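Asker: Fold the following, please.
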Amino acid sequence: MENIDTKQLDSEELVNRRLEELIDFRTDGQDLQEFWGKQFDLGLAWVQFPEGSGGLGLNPKYQMIITERLRSEGISQQNRIANILGVGMGAPTIIEYGTPEQIQKYLKPMFTAEEIWCQLFSEPGSGSDLASLSTKAVDDGDGYIVNGQKVWTTLGHLAKWGLLVTRTDPNAPKHRGLTFFIVDMESAGVEVRPLRQITGEAEFNEVYFTDTKIPKENILGGLGEGWRVSLATLMNERVAIGGNVRERGSGAPGHLVQIWKDKDLKDPIQKDKLIELWIQQEAVRLTNIRASELREKGTPGPEGSTSKLYEAEINKASYEFGMELLGNDGLLFPRGYSLTQPELNFDNDTFGFTDTQSLFLRSRANSIEGGTSEIMRNIIAERVLGLPGEQKLDKDKPWKDIPRS
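Answerer: Numbers count the residues shown, from 1 in each chain. Below you'll find the model as predicted:
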């Protein structure tokens, strides 16, 4: 027991010393990306990662110490939100399945948000059945030629790199013929088209690949291992979306409290509902803290699906209640519906939206993006409760023989 306590004390002392060095590095008017680069070099980016890869090889619970200290110093960690698909999804997948060269090349500019990442999984004909995808990658000797279409690509218009899953063997069953690539979004043959959303903005995109060449060194996890790597990425995505530990009272509940104060509301029934939503959100936040402290490096378990499900549903309920608090003002839409696309923003974590009406409309996507709430319930049912899974009649059929819509 003494050895364990000593080890934990040494780890915390190491983290605190590195934190002091990082905070001493800060100067007035300093470029944020320079600061985040120093944070990476000190091993305080992903503390559970190996040394030299943005980490210190420690338990991930120490990341909370880092986050809280930087918050108390007023230092932005918005790179984690602005590049959430890279920092939250790409990094843990690359650290688990990537080569040393890939780890060295991608992680630091990812953490500093100098290189934005996107996810290229969903397709118009695949729906929630990712393994049925049809984007093809054909070996031409020194690389792969990719043709196909992806959809709902968040921030694809800003991305330098994409996490792309393709079909390399149409003769294999659908789960076994997939290969995962890191694709340069500036490559010839990559076309990104905006998708207008209910908010008027085009945060999502559709992406077309036409004879796009990807070098073999950009395969992540090995030929034919795409499903395994994709599953790890999806689980990391749910942790990133559902497991984001916000500051107490921030996000949706903080927004509702501000409306209550600004409008000087008094209704006791509405007050009870506001308090109930705040408590629910706080319960999720505390659960996320516990999950973060217990999480180890590698493919996450189903806990992220639980958090992601509740976070989505509570967000929707919160902003719906916010519209109720606005009364007739909720019928207005002050931002207008001009087609815009979000740019990098290190000052706001709500996709650039600050008005309740936009946040209400945007929250509709929370139960779809990163896996629908229905999919999350299936995962919880099968992997947590041990209920039988859905019947899969095409599991062992070659993909090319499966009827497609």
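Asker: Where do the helices of the stretch 201-350 of the chain begin and end?
Answerer: For the stretch 201-350 of the chain, the helices defined by DSSP state H, counting those that start in this stretch occupy 226-242, 251-262, 268-294, 303-326.
Asker: will you turn these into JSON lines that also has mean pLDDT and distance to Arg404?
Answerer: Glycine gets a C-beta too; all of them are placed from N, C-alpha and C. Shown next, in JSON lines, are the helices of the stretch 201-350 of the chain (pLDDT from 0 to 100; distance: least, C-beta to C-beta, whole Å):
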{"stretch": "helix 226-242", "mean pLDDT": "81", "distance to Arg404": "18"}
{"stretch": "helix 251-262", "mean pLDDT": "91", "distance to Arg404": "39"}
{"stretch": "helix 268-294", "mean pLDDT": "86", "distance to Arg404": "38"}
{"stretch": "helix 303-326", "mean pLDDT": "89", "distance to Arg404": "27"}
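Asker: would you turn these into CSV with distance to Gln102?
Answerer: What follows is the helices of the stretch 201-350 of the chain, written out as CSV (distance: least, C-beta to C-beta, whole Å):
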stretch, distance to Gln102
helix 226-242, 12
helix 251-262, 34
helix 268-294, 25
helix 303-326, 24
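Asker: Quick check: which of the ones you listed is buried the most?
Answerer: Burial of these is given as mean neighbour count (mean count of other C-beta atoms under 10 Å); helix 226-242 ranks first at a mean of 23.
Asker: does the nearest residue to Pro109 once chain neighbours are set aside sit in a helix, a strand or a coil?
Answerer: Nearest-residue entry for Pro109: Glu115, 4.2 Å, with adjacent residues in sequence omitted and distances by C-beta to C-beta, 6 or more residues apart in numbering. Following DSSP: H, G, I helix; E, B strand; the rest coil, the label given to Glu115 is coil.
Asker: Sketch out the low-pLDDT regions of this structure for me.
Answerer: Scanning the chain for pLDDT under 70 picks out 1-9, 127, 238-245, 291-303, 346-352, 405.
Asker: ok, which stretches of it are strands?
Answerer: Ranges of strands within the chain are 117-120, 136-139, 143-150, 161-167, 178-184, 190-195, 204-215, based on DSSP state E.
Asker: Kindly reformat the ones you listed as JSON lines containing mean neighbour count.
Answerer: Output for the strands of the chain, formatted as JSON lines (neighbours: other C-beta atoms under 10 Å):
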{"stretch": "strand 117-120", "mean neighbour count": "27"}
{"stretch": "strand 136-139", "mean neighbour count": "17"}
{"stretch": "strand 143-150", "mean neighbour count": "20"}
{"stretch": "strand 161-167", "mean neighbour count": "25"}
{"stretch": "strand 178-184", "mean neighbour count": "24"}
{"stretch": "strand 190-195", "mean neighbour count": "16"}
{"stretch": "strand 204-215", "mean neighbour count": "18"}
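Asker: Please tell me how far the spatially closest residue to Pro173 that is not a sequence neighbour sits from Ser134.
Answerer: Nearest non-adjacent residue to Pro173, counting by C-beta to C-beta, 6+ apart: Asp396, 5.5 Å away. For Asp396, the distance to Ser134 equals 19 Å [C-beta to C-beta, to the nearest Å].
Asker: Repeat that for Ser76.
Answerer: From Ser76 across to Ser134, the span is 41 Å (C-beta to C-beta).
Asker: wait, isn't Glu311 in contact with Asn366?
Answerer: Yes. Between Glu311 and Asn366 there is a contact under C-beta atoms under 8 Å: 7.2 Å.
Asker: Give me the domain ranges for this protein.
Answerer: Annotated domains of the chain cover 2-111, 117-230, 231-384 [automatic domain parsing].
Asker: Dump these into a markdown table; add distance to Lys400 as well.
Answerer: Converted to a markdown table, the domains of the chain look like this (distance: least, C-beta to C-beta, whole Å):
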| stretch | distance to Lys400 |
| --- | --- |
| domain 2-111 | 27 |
| domain 117-230 | 4 |
| domain 231-384 | 22 |
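Asker: Looking at Asp396 and Ser134, which one has more neighbours?
Answerer: Shown here are Asp396 and Ser134; by other C-beta atoms under 10 Å, Ser134 has more neighbours (17 against 10).
Asker: Which one of the domains of the chain lies nearest to Lys392?
Answerer: domain 117-230 (9.3 Å; C-beta to C-beta).
Asker: Span of that closest one from start to end?
Answerer: One end of domain 117-230 to the other measures 15 Å (C-alpha to C-alpha, to the nearest Å).
Asker: Could you give the separation of it from the chain centroid?
Answerer: Between the centre of domain 117-230 and the centre of its chain there are 17 Å (C-alpha atoms, centre = their mean, to the nearest Å).
Asker: What of stretch 375-389?
Answerer: Using C-alpha atoms, centre = their mean, the offset of stretch 375-389 from its chain centre is 22 Å.
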